[in-house]
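A.B. asks: here are the coordinates; sequence isn't available:
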């Protein structure tokens, strides 16, 4: 029974990760970001590492994604993502911070 529970949890985590990567692609995030290496913007793993222990990180990242930001990761600004739904942005931020 214990192995079944662990297996089902692993499948659920894998499904969430896949769904979130698909969500990132659907919202055009992958045009500038990759999971494990820098593209135009920082990798999601680098973002997670930088903010993992910062209080309020999820809200701050939500605002950065929604409204855009400049100067946090260099000279290239991140554009606002007004077309992405609030729910999608929250899901993506949670996914990134869980890395």
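C.D. replies: Everything's here; your move. Here the structure is a predicted model, which means the values were calculated and not measured.

A.B. asks: okay, helices next: where are they in this protein?
C.D. replies: For the chain, the helices defined by DSSP state H cover 2-26, 44-51, 57-67, 86-97.

A.B. asks: show me which residues of stretch 47-58 are buried.
C.D. replies: 47, 48, 51, 57 (16 or more other C-beta atoms under 10 Å). All C-beta atoms are positioned from the backbone trio N, CA, C, and that covers glycine.

A.B. asks: in this structure residue 45 contacts residue 35, no?
C.D. replies: Yes - applying C-beta atoms under 8 Å, one finds residue 45 in contact with residue 35, separated by 6.4 Å.

A.B. asks: what do those two both touch?
C.D. replies: Counting by C-beta atoms under 8 Å, 6 or more residues apart in numbering, the common neighbours of residue 45 and residue 35 are residue 99.

A.B. asks: need the buried residues of stretch 47-58 in TSV (columns: pLDDT and distance to residue 28).
C.D. replies: Below are the buried residues of stretch 47-58 laid out as TSV (pLDDT from 0 to 100; distance: C-beta to C-beta, whole Å):
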residue	pLDDT	distance to residue 28
47	97	17
48	97	20
51	96	22
57	97	23
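
A.B. asks: from those, pick the one nearest residue 95.
C.D. replies: Comparing the buried residues of stretch 47-58 against residue 95 with C-beta to C-beta places residue 48 closest, at 9.3 Å.

A.B. asks: now do the closest one against residue 73, distance only.
C.D. replies: To residue 73, residue 48 is 13 Å away according to C-beta to C-beta, to the nearest Å.

A.B. asks: same deal with residue 34?
C.D. replies: Taking C-beta to C-beta, one finds residue 34 at 14 Å from residue 73.

A.B. asks: cool, residue 29 as well?
C.D. replies: Taking C-beta to C-beta, one finds residue 29 at 14 Å from residue 73.
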